[in-house]
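Visitor: What follows is a predicted protein model with its sequence.
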Amino acid sequence: MDEMTFEREVIAGGRVYQLTATALADGRTEICVRSGESGAIELNEISGTIAREDLAMVACAFRPELAAIAAWHGIFFDDGSRSLAQRRRKHPNAYAPWSKEHERVLVELHEAGTPVRQIARELGRQPGAITARLEKLGLR
């Protein structure tokens, strides 16, 4: 795979925010987020590497959780997302790892012609998670 890099910089309220992401040859992505006073020599930074298969979960789960962390500091915003706890009220197994037993039940229900929405209710997951798992298992 050719190396791909994404860079984004936003300046707002006298502060600069930078995001850099680079797709690595081994399938992982290196991510760096920097922030600080505009024109500062040194910026705050958080960086690391994440596996390809974890990107969707991280993007989905942590977006609302970052809003919760901001609230610790008295910063509130409504981005329309819901926290993992809120999602789990309706779908108790949302974003939980798939157990062998749940996969077995999923396959059985799918092969029996059970509609995706019903499978989702029975397994405590969102319909999109059911569809995604069926695709991963090569059943859809």
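Guide: In hand now; what should we look at? Residues are numbered from 1 along each chain as shown.

Visitor: Would you map the helices across the chain?
Guide: 55-72, 84-90, 100-111, 116-123, 127-136 (DSSP state H).

Visitor: so which of those gets nearest residue 27?
Guide: helix 55-72 (10.3 Å; Cβ to Cβ). Just so you know, the C-beta spots here come from the backbone N, C-alpha and C atoms, and that holds for glycine as well.

Visitor: low-scoring stretches of the chain, by residue?
Guide: Low-confidence segments of the chain (pLDDT under 70): 1-3, 76-83.

Visitor: Please parse it into its domains.
Guide: 1-50, 53-89, 91-136 (automatic domain parsing).

Visitor: Quote the end-to-end distance of the last one.
Guide: Between the opening and closing residues of domain 91-136 there is a gap of 20 Å (Cα to Cα, to the nearest Å).

Visitor: can you check stretch 43-60 too?
Guide: Start-to-end span of stretch 43-60 (Cα to Cα) is 26 Å.

Visitor: deepest of the domains of the chain, which one?
Guide: Stretch with highest mean neighbour count among these: domain 91-136 (a mean of 15; mean count of other Cβ atoms under 10 Å).

Visitor: quick one, what contacts residue 42?
Guide: Residue 42 makes contact with residue 36, according to Cβ atoms under 8 Å, 6 or more residues apart in numbering.

Visitor: If anything else comes up later, I'll come back, but that's it for now.
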